[in-house]
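Output the structure for:
(2 chains)
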Protein chains: 2
Amino acid sequence: VKLLTLARDLQRRKARERQQLFVAEGVRTVETLFASPLTIRGVLVSATGAASERGQALVVLATARGVPVQQVTDDEFASAADTEAPQGVLAVAAIPRHSLPPAAPATRYLVLDALQDPGNVGTVIRTAAALGVSATIALPGTVDPWNAKVVRGSMGAVFSHPVVPLDWAATAAFAAHAGVALWAATMNGDPLELAAAGRGAGALALVVGNEGAGVSPHVAAAVTRTVCIPMAPGVESLNVAVATGILLYALQGTPSGA
Amino acid sequence: VKLLTLARDLQRRKARERQQLFVAEGVRTVETLFASPLTIRGVLVSATGAASERGQALVVLATARGVPVQQVTDDEFASAADTEAPQGVLAVAAIPRHSLPPAAPATRYLVLDALQDPGNVGTVIRTAAALGVSATIALPGTVDPWNAKVVRGSMGAVFSHPVVPLDWAATAAFAAHAGVALWAATMNGDPLELAAAGRGAGALALVVGNEGAGVSPHVAAAVTRTVCIPMAPGVESLNVAVATGILLYALQGTPSGA
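Numbers count the residues shown, from 1 in each chain, chains lettered A, B, ... in the order given. Presented below is the predicted three-dimensional model:
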């Protein structure tokens, strides 16, 4: 019952931080985890999960890799699961420790300022990874990137894209030291068409803010530049993940994939 | 109990189509509905909703506008509600009938090809409205735009942005007749940096496809051009709402809001 107890315990952020472990749930997420370089501590399957074809394949893979597998009842599994209709497969893995990668002229960083919806944060991390961002900084007040919903929402992007928890002072110090310009997305920033003219200007970190409150006042006051996406009259705002995608795309240093 | 019965009935797509009515749920959504030109048939409040400050304000507003208000118990309200923790306010309103707005050189249309997640479709419609798209066409297989989750996810954008259900033959005929170029987002389309060179080329309709399967083969075969967003190696895909936001932004005929 040890892995089951551990998985249950890791539903709490404090436990994840103390143990430096997290839970990846769902067949596809666990498949992606096994394809990543992360250290996997164990796999938990329910009776239903063990009976499914992809569940069985994961059990075979885990066994071949020397990863402990434990089977539990569907009810036991549900007590550790985050989803309402669990597929019956989860894995416990070590939270990777990343430092911020160094800045070259085309390097882009993303800074999350108190983003609170796990689905949004997962989508934002997936987007950052897809658009060639080097690392994402999670400022205090941001939902834990190792929350099960974020992990799932990122489609496993958190397994390879560096997400670094840092406070604003350390972020600003890094930017100053590494020669990284700090920009923030705000409602009344420079319209992006004009701002985008600045692309190719060097390393850049883009700060995006909380779903309701936006970027914190002390952050907005400290950045080099604020930008916004021009919107049609009468429309209040874009979803934060959509806005982040547009901004990261428009501010790319070089075409991603190049 | 008539409004309660009606609201319950409108949980089914067939009922919405037959009656040409839909349900908008939640305080903010109903506030946005009252600020829109749509015809509101009635407001249903639960005991909890009626006791809240914004709920009371909505009852006053409805009464002043001559809209019938009915109060029910929390349990009765829950039976008609789509959310798990209802705020206790919903409204029944008439589905607006839009025809496709005419094409000018900078006009943009969005075409949804069998998008199935209501949250994605809501976010996509909100994004289209924000980025100045003239109308969104919902092809067969796309989730009903008047589904309660879509309405809520659009943050009320469906109340003003024209969403037109149309089949592919009618869409292609409209495009041919109105001189609108049809482009589709596919995994192996022209990378967007190059494709975007075509902007300003005239009226454009962008087709985005199903979350898993992408654009239907018969649609992809019929469009003038396919485009894709260049992605970092090892990343499979972007969320469909994020991808649509980036594509619509990059393909704008004129800066939105201009």
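
Surely residue A:227 and residue A:185 touch.
Yes. Assessed by Cβ atoms under 8 Å, residue A:227 is found in contact with residue A:185 at 6.0 Å. All C-beta atoms are positioned from the backbone trio N, CA, C, and that covers glycine.

ok, and for stretch A:206-225, which residues are buried?
Within stretch A:206-225, the residues that count as buried by 16 or more other Cβ atoms under 10 Å in any protein chain shown are A:206, A:207, A:208, A:209, A:210, A:214, A:215, A:216, A:219, A:220, A:222, A:223.

Now the two most distant members of those residues.
The span of the buried residues of stretch A:206-225, defined through Cβ to Cβ, is set by A:210 and A:222 at 16.4 Å.

Close to chain B: what parts of the stretch 51-200 of chain A are there?
A:123, A:126, A:127, A:129, A:130, A:131, A:132, A:155, A:157, A:160, A:191, A:193 (Cβ under 8 Å from any Cβ of the partner chain).

Now that residue A:226 has come up, it's in contact with residue A:184, right?
Yes. Shown here, residue A:226 and residue A:184 form a contact pair, counting by Cβ under 8 Å, at 5.1 Å.

Settle it for me: which of the two has more neighbours?
residue A:184 (25 against 18; other Cβ atoms under 10 Å in any protein chain shown).

Need the three-state assignment for the more buried one.
Taking DSSP: H, G, I helix; E, B strand; the rest coil as the rule, one finds residue A:184 in the strand state.

what about residue A:100, helix or strand, and which?
Counting by DSSP states H and E, there is no helix or strand that carries residue A:100.

cool, residue A:126 as well?
Going by DSSP H and E, residue A:126 is part of helix A:118-130.

from memory residue A:162 sits against residue A:102, does it?
No. Applying Cβ under 8 Å, one finds residue A:162 not in contact with residue A:102, separated by 11.9 Å.

Find the helix or strand that residue A:93 is a member of.
Per DSSP H and E: strand A:89-94 holds residue A:93.

Show me where the stretch 51-200 of chain A has its strands.
Ranges of strands in the stretch 51-200 of chain A, per DSSP state E, counting those that start in this stretch, are A:69-72, A:89-94, A:108-113, A:135-138, A:163-165, A:181-191.

for chain A, which spans come out with low pLDDT?
When residues are selected by pLDDT under 70, those of chain A lie in A:1, A:194-201, A:254-258.

give me that answer again for 90
Applying pLDDT under 90 to chain A picks out residues A:1, A:83-86, A:105, A:188, A:191-202, A:211-212, A:232-237, A:250-258.

Which parts of the stretch 1-150 of chain A are helices?
Assigned by DSSP state H, counting those that start in this stretch, the helices in the stretch 1-150 of chain A fall at A:2-9, A:13-19, A:27-34, A:47-51, A:53-64, A:74-80, A:118-130, A:148-153.

TSV for those helices, including distance to residue B:149?
What follows is the helices of the stretch 1-150 of chain A, written out as TSV (distance: least, Cβ to Cβ, whole Å):
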stretch	distance to residue B:149
helix A:2-9	30
helix A:13-19	28
helix A:27-34	23
helix A:47-51	27
helix A:53-64	28
helix A:74-80	24
helix A:118-130	13
helix A:148-153	17
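
Out of those, which one sits most buried?
helix A:118-130 (a mean of 26; mean count of other Cβ atoms under 10 Å in any protein chain shown).

What helices and strands are in contact with that one?
Applying 3 or more Cβ pairs under 8 Å, 6 or more residues apart in numbering or on different chains; DSSP states H and E, one finds that helix A:118-130 makes contact with strand A:108-113, strand A:135-138, helix A:148-153, helix A:240-250.

Distance to residue B:178 added to the ones you listed, as JSON lines?
Converted to JSON lines, these look like this (distance: least, Cβ to Cβ, whole Å):
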{"stretch": "strand A:108-113", "distance to residue B:178": "39"}
{"stretch": "strand A:135-138", "distance to residue B:178": "43"}
{"stretch": "helix A:148-153", "distance to residue B:178": "39"}
{"stretch": "helix A:240-250", "distance to residue B:178": "27"}
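
can you list the residues of the stretch 51-200 of chain A next to chain B in CSV and add distance to residue B:69?
Formatted as CSV, those follow (distance: Cβ to Cβ, whole Å):
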residue, distance to residue B:69
A:123, 38
A:126, 43
A:127, 43
A:129, 49
A:130, 47
A:131, 48
A:132, 53
A:155, 44
A:157, 47
A:160, 53
A:191, 42
A:193, 46
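
hey, what's in contact with both of residue A:226 and residue A:184?
Common contacts of residue A:226 and residue A:184, defined by Cβ atoms under 8 Å, 6 or more residues apart in numbering or on different chains, comprise A:215, A:220.

Make CSV from the strands of the stretch 51-200 of chain A and add distance to residue B:31 to it.
Shown next, in CSV, are those (distance: least, Cβ to Cβ, whole Å):
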stretch, distance to residue B:31
strand A:69-72, 46
strand A:89-94, 40
strand A:108-113, 27
strand A:135-138, 33
strand A:163-165, 36
strand A:181-191, 20
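
residue closest to the middle of chain A?
What sits nearest the mean C-alpha location of chain A, by Cα atoms, centre = their mean, is residue A:125, with 3.9 Å.

Quick check: closest non-adjacent residue to that one.
The shortest distance from residue A:125 to any non-neighbouring residue, by Cβ to Cβ, 6 or more residues apart in numbering or on different chains, is to residue A:154 (4.4 Å).

residues in contact with that neighbour?
A:121, A:122, A:123, A:125, A:126, A:129, A:161 are the contacts of residue A:154 under Cβ under 8 Å, 6+ apart.

how does it look with 6 Å?
Residue A:154 makes contact with A:122, A:125, A:126 under the criterion Cβ atoms under 6 Å, 6 or more residues apart in numbering or on different chains.

got it, and residue A:128?
A:110, A:136.
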